[in-house]
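[1] make a model of this:
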Amino acid sequence: MSKRTDRKIALIGGGGVRSPLVVFGVNEAAEALGAAEMVLYDPDPARLRIMVDLGKAVVRRFGGGLRLRGATSLEDTIEGADFVLNSVRIGGIAGRASDERASIAQGYPGQETTGPAGVAMALRTIPVAIEQARLVERLSPQAWLVNFTNPAGLITQAVSDHSKARIVGICDTPTELFHNIAHALGEPADDVECDYVGLNHLGWVRGVRVRGEEVIDRLLDSDELLRKLYLAPLFDFDMIRTLRLIPTEYLFFYYERQRALDNQRKQGGSRGGEIQRLNDDLLAGLTSRLDAGDGDAAVDIYAAYLNQRSGSYMKLEAEGGSAFDQGVSLKGDPFRVATGYHRIAIDVMSGLTGAKPARIVVNTRNRGALPDLPDDDIVEIASDISLDSIVPRPIAPLPDAVNGLVRSVKAYERAAIASVLNDKRLEARKAMLIHPAIGQWTPSGDLLDALLGHANEDGECLCQGPVHRHG
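    As a prediction, this is how the structure comes out:
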């Protein structure tokens with residue numbers, strides 16, 4: 001059988017600032033993927049035009065034959081696609097910044113995927129994600145829906161339960177930690193195997209093997225090595241040692257909630273607000289350069305943006321720092337980093353086409369792999385990915401120290417999804433009550449009002465339309 005060279009890859013949310021990075025990854029791997037065309041869609045035509053033009057400049061800069069175009073409808077984007085990448089943010093970055101401000105004002109850390117802001121993001125996104133997945137199911141039933149949309153685990157769960165689309169959720173957080181562990185140990189990444197367990201943005205490494213030898217004690221016994229695992233100082237090393245688990249960075253918003261809130265108040269803002277400012281500056285610079293026909297300069301502006309954004313990650317929450325502090329930007333080529341947003345997508349697609357089967361941590365149905373949770377639960381787990389196949393690898397039960405937290409977050413996810421599909425405000429408050437980073441009833445009503453607008457008894461939001469939409 002001849003190798004395919006005509007695959008179409010679609011990106012919903014193509015006006016997002018990470019889109020040109022994904023274009024770079026697809027273009028670089030186009031021959032291996034058999035990709036001929038990439039189609040971007042976004043409801044904001046001005047943003048879409050900028051990202052398509054920048055994507056074309058990226059292809060010209062690095063070479064390659066990938067065809068790139070913007071679409072004016074979801075139907076055109078999805079129909080005939082082999083892969084549909086979904087990376088949407090309902091309400092845009094301004095919505096994220098507003099959610100985070102509202103959370104801080106109510107006494108909770110402001111973070112886009114955890115706590116109150118994460119609940120708001122989920123409630124807005126669930127019906128849209130399900131609607132889009134059903135369109136994929138109808139127009140391209142054999143396509144893989146590769147979900148970037150946050151909260152990635154929860155959205156993958158909602159789509160998996162309420163559509164027939166073939167879906168996998170992806171996130172670069174686990175692989176980023178794996179690479180940091182390998183770097184700290186001074187070992188090639190391919191020689192290091194990490195035993196990972198958890199959910200999206202709620203995961204831990206509980207074992208580290210170098211060429212088959214367990215070495216996690218080397219990490220746990222060394223402040224110097226532990227310090228290298230995170231870009232900012234997130235966790236007390238004694239906490240890591242007593243847990244005997246290495247948490248991913250989002251556990252900061254569970255284990256250090258008060259510290260995160262104090263630093264946000266000290267700094268006077270949130271990460272979302274800073275990203276909004278970074279994005280505004282980026283779009284202004286890109287528009288100027290692209291309108292002048294200077295694609296190379298636009299790519300340089302974009303690369304500098306990526307380095308500033310990545311280099312400042314978690315600085316505000318952990319230290320009260322800022323993305324605009326001197327010296328926060330990373331150095332080097334952000335397109336060719338070993339990990340990141342685009343790398344995980346390419347690795348997963350390369351596995352699913354059969355071009356490069358691999359073992360990758362993804363969000364997929366449990367299917368008995370993690371004995372603590374039901375088979376249909378979406379878990380973040382190492383999986384063997386090959387031609388049209390994702391098989392989660394069986395792992396040991398959850399450690400006692402995190403078992404309750406994982407189960408509580410899964411219960412929250414189920415409650416949040418049900419609240420949207422049933423259009424029940426009280427069920428949304430119940431989801432907040434269950435959420436271990438919120439866990440109180442009385443504040444939940446004020447939180448929902450602050451995040452989604454005041455609602456009357458019929459669930460109609462007096463300032464922003466319906467609190468939820470049916471899926």
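[2] for Lys424, give me the pLDDT.
    Note on Lys424: pLDDT of 90.
[3] how about the one 5 residues further on?
    Reading off the per-residue confidence, Arg429 sits at a pLDDT of 96.
[4] now do stretch 143-160: distance to the chain's middle.
    Taking Cα atoms, centre = their mean, to the nearest Å, the mean C-alpha location of stretch 143-160 is offset from the chain mean by 10 Å.
[5] tabulate the CA atom coordinates of that stretch in PDB.
    Presented in PDB, the C-alpha positions along stretch 143-160 are these (Å, rounded to 0.1, in the frame of the first residue of the first chain):
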ATOM      1  CA  ALA A 143     -10.900  11.800  11.700                       C
ATOM      2  CA  TRP A 144      -9.000  11.900  15.000                       C
ATOM      3  CA  LEU A 145     -10.100  14.900  17.200                       C
ATOM      4  CA  VAL A 146      -6.900  16.000  19.000                       C
ATOM      5  CA  ASN A 147      -8.100  18.200  21.900                       C
ATOM      6  CA  PHE A 148      -5.800  21.000  23.100                       C
ATOM      7  CA  THR A 149      -8.800  22.900  24.500                       C
ATOM      8  CA  ASN A 150      -8.600  23.400  28.300                       C
ATOM      9  CA  PRO A 151      -9.500  22.100  30.800                       C
ATOM     10  CA  ALA A 152      -8.100  19.400  28.500                       C
ATOM     11  CA  GLY A 153      -9.100  16.300  30.600                       C
ATOM     12  CA  LEU A 154     -12.500  17.600  31.400                       C
ATOM     13  CA  ILE A 155     -13.300  18.600  27.800                       C
ATOM     14  CA  THR A 156     -12.000  15.300  26.500                       C
ATOM     15  CA  GLN A 157     -14.300  13.600  29.000                       C
ATOM     16  CA  ALA A 158     -17.300  15.600  27.900                       C
ATOM     17  CA  VAL A 159     -16.700  14.900  24.200                       C
ATOM     18  CA  SER A 160     -16.000  11.300  24.800                       C
END
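[6] could you give me the average pLDDT of the helix or strand that contains Val58?
    Assigned by DSSP states H and E, Val58 belongs to helix 45-62. Throughout helix 45-62, pLDDT has a mean value of 97.
[7] what packs against the helix or strand just after that helix?
    Sequence order places strand 67-71 as the next helix or strand after helix 45-62, per DSSP H and E. Packing partners of strand 67-71 (3 or more Cβ pairs under 8 Å, 6 or more residues apart in numbering; DSSP states H and E): strand 35-41, helix 45-62. For glycine as for every other residue, the C-beta is placed from the backbone atoms N, C-alpha and C.
[8] so what does the first one touch, helix or strand wise?
    Judged by 3+ Cβ pairs under 8 Å, 6+ apart, strand 35-41 is in contact with strand 7-12, helix 19-28, helix 45-62, strand 67-71, helix 74-78.
[9] show me the helices in the stretch 251-400 of the chain, by range?
    252-255, 257-267, 271-291, 295-311, 315-319, 341-352, 400-422 (DSSP state H, counting those that start in this stretch).
[10] export the helices and strands packed on strand 67-71 to a markdown table and tack on distance to Leu433 and mean neighbour count?
    Listed next are the helices and strands packed on strand 67-71 as a markdown table, based on distance: least, Cβ to Cβ, whole Å; neighbours: other Cβ atoms under 10 Å:
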| stretch | distance to Leu433 | mean neighbour count |
| --- | --- | --- |
| strand 35-41 | 37 | 23 |
| helix 45-62 | 37 | 20 |
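[11] with distance to Asn147 as new columns, can the helices and strands packed on strand 35-41 be given to me in TSV?
    Conversion of the helices and strands packed on strand 35-41 to TSV gives the following (distance: least, Cβ to Cβ, whole Å):
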stretch	distance to Asn147
strand 7-12	10
helix 19-28	13
helix 45-62	19
strand 67-71	19
helix 74-78	14
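[12] got the contact list for Pro141?
    Lys164 (Cβ atoms under 8 Å, 6 or more residues apart in numbering).
[13] redo that, cut-off 10 Å
    Residues near Pro141 by Cβ atoms under 10 Å, 6 or more residues apart in numbering: 164-166.
[14] cool, and Val146?
    Applying Cβ under 10 Å, 6+ apart, the residues contacting Val146 are 9-11, 83-87, 156, 166-170, 344-345, 348-349, 352, 362.
[15] what about it, which SS state?
    What DSSP: H, G, I helix; E, B strand; the rest coil gives for Val146 is strand.
[16] circling back to that earlier point, for Gly16, find the nearest of the helices and strands packed on strand 67-71.
    Gly16 lies closest to helix 45-62 among the helices and strands packed on strand 67-71, at 7.2 Å (Cβ to Cβ).
[17] distance from that closest one to the middle of the chain?
    In terms of Cα atoms, centre = their mean, the centre of helix 45-62 is found 22 Å from the chain centre.
[18] please apply the same query to stretch 55-65.
    With Cα atoms, centre = their mean as the basis, stretch 55-65 stands 25 Å off its chain's centre.
[19] how about residues contacting that stretch?
    With contact meaning Cβ under 10 Å, 6+ apart, stretch 55-65 is reached by 11, 14, 19-24, 26-31, 35-36, 38, 40, 66-70, 286, 289-290, 293-300, 302-303, 335-336.
[20] returning to what we had before: list only buried entries from the contacts of Pro141.
    165-166 (16 or more other Cβ atoms under 10 Å).
[21] among the contacts of Pro141, which lie within strands?
    If you go by DSSP state E, those have Arg166 in strands.
[22] Leu145 is in contact with Asp82, correct?
    No. Asp82 is beyond contact range of Leu145, at 11.1 Å (criterion: Cβ atoms under 10 Å).
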